[in-house]
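> Structure for the following, please:
(one chain, ligands or ions: 1)
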Amino acid sequence: MGGSEDGHSNMNRRILGAAACAFIATGGAGQAGAIFAPGTDQAYVEQVEDKLHTPRAGRTDPFVTYGTDTNGDAIKWGGTTYGTPGGVVTWSLVPTGTNCTIMQQFGDCGSGTTTALADAMPSGFETAITNAFGAWEAVADISFQQVSDDGSPNGALNGNFGDIRISGYSIDGPGGVLAYAFNPDRSFDPFDSLRGDIFFDLDETWSLGGTTTSFDIFFVALHEIGHSIGLGHECGNDGTATPCEVAVMNPYYNPALSALQADDIAGAQFIYGEAAAVPLPGGIAFLSGGVIFLGALGLRRRRRAA
Ligand SMILES: [Zn+2]
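This is a model prediction of the structure:
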């Protein structure tokens with residue numbers, strides 16, 4: 001399942017070599033995380049991850065965050081300290097032909113443009129991605145809203161597109177890196193608008209649910225969104241660090257998982273707090289009645305006071 005040696009060497013030379021330079025030049029901030037096919041050569045995993053982000057992540061046992069940025073702010077959306085809400089974060093699907101030359105600073109963006117997932121994935125992929133955002137939203141105090149994307153170049157600072165932009169290109173051939181995402185580091189200038197952006201490897205075979213010969217779009221999106229909102233790899237980037245919990249945020253694709261695990265949820269809640277309580281429909285009706293009732297009481301009290 002591992003990527004070909006040719007794919008590996010291409011990845012090392014084109015993506016990682018340049019990425020390392022860019023990261024060092026911008027203060028050595030950790031910007032990205034990937035997910036790997038099962039069986040991917042561990043040395044390759046370590047090599048990719050070491051280059052994608054420096055090991056300054058703040059480990060909060062047992063999950064892993066990216067710690068603080070060069071300004072001392074927590075690497076997250078919304079409030080700048082851990083445990084504060086993430087607010088509304090928008091996301092968009094980038095159209096085919098979008099310029100990605102800024103990515104060449106990281107060594108590669110395929111042919112110079114990224115490809116829309118709609119042109120490379122089976123129908124239903126959008127629902128899978130929406131559901132992946134929904135899974136994180138359900139457990140932590142952050143919400144997501146899909147918006148349109150005008151195809152402004154990747155990394156553009158102005159334009160109409162989401163905070164988290166999603167697209168794909170040919171990354172390293174079948175196997176190896178399945179996808180990667182930039183974490184929400186605010187101090188990551190001059191590429192601020194790459195914060196949270198997700199890129200799928202379109203050399204993989206993608207499916208809804210996954211098979212022995214394809215990867216599940218929902219699961220990989222779930223993992224990458226975890227990076228986009230500020231979670232690093234549980235069990236370390238080589239999957240061997242301890243303590244180690246089974247999690248969506250483990251570095252390797254795990255077909256046995258289909259939902260966020262306790263460790264993932266604990267991490268998201270550490271970063272953003274628990275999801276705001278959403279009353280059931282019956283609860284809303286009851287609450288409305290209560291508000292009206294209290295309002296009437298207040299009115300009566302004011303009248304009595306007057
Ligand atoms: Zn990852």
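> Test my guess that residue 222 contacts residue 258.
No - at 9.0 Å, residue 222 and residue 258 do not qualify as touching, with contact defined as CB atoms under 8 Å. In short, each C-beta sits where N, CA and C put it, glycine included.
> joint contacts of these two?
Residues touching both residue 222 and residue 258 (CB atoms under 8 Å, 6 or more residues apart in numbering): there are none.
> Identify the residue nearest residue 210 in space, chain neighbours excluded?
Spatially, and ignoring its direct neighbours in sequence, residue 210 is nearest to residue 216 (3.2 Å; CB to CB, 6 or more residues apart in numbering).
> Helices along the stretch 151-300 of the chain, start to end?
Per DSSP state H, counting those that start in this stretch, the stretch 151-300 of the chain carries helices over the ranges 217-228, 262-272, 281-305.
> Could you check which of residue 222 and residue 258 is surrounded by more residues?
Between residue 222 and residue 258, residue 222 has the larger neighbour count (other CB atoms under 10 Å), namely 26 against 13.
> helix/strand/coil for the residue nearest to the more buried one when sequence neighbours are not counted?
Among residues not flanking residue 222 along the chain, residue 132 sits closest, at 4.3 Å (CB to CB, 6+ apart). At residue 132 the chain is in helix, as set by DSSP: H, G, I helix; E, B strand; the rest coil.
> pretty sure residue 132 contacts residue 221?
Yes - here residue 132 reaches residue 221: they are 3.8 Å apart, a contact under CB under 8 Å.
> before we move on, back to that, count of residues packed around the residue nearest to residue 222?
Using other CB under 10 Å, residue 132 has 23 neighbouring residues.
> go on, the one 4 residues further on?
By the measure other CB under 10 Å, the count of residues near residue 136 is 26.
> And it, which helix or strand is it part of?
Using DSSP states H and E, residue 136 falls within helix 125-137.
> What residues of that helix count as buried?
125, 128-129, 132-133, 135-137 (16 or more other CB atoms under 10 Å).
> same deal with stretch 75-92?
75-79, 82, 84-86, 89-92.
> which of these sit farthest apart?
Within those, two members stand farthest from each other by CB to CB: 82 and 92, at 26.7 Å.
> Name all residues that make contact with the closest residue to residue 267 other than its chain neighbours.
Leaving aside its chain neighbours, residue 267 sits nearest to residue 63 (3.1 Å; criterion: CB to CB, 6+ apart). Residues in contact with residue 63 (CB under 8 Å, 6+ apart) are 231, 234, 245, 247, 249, 263-264, 266-267, 270.
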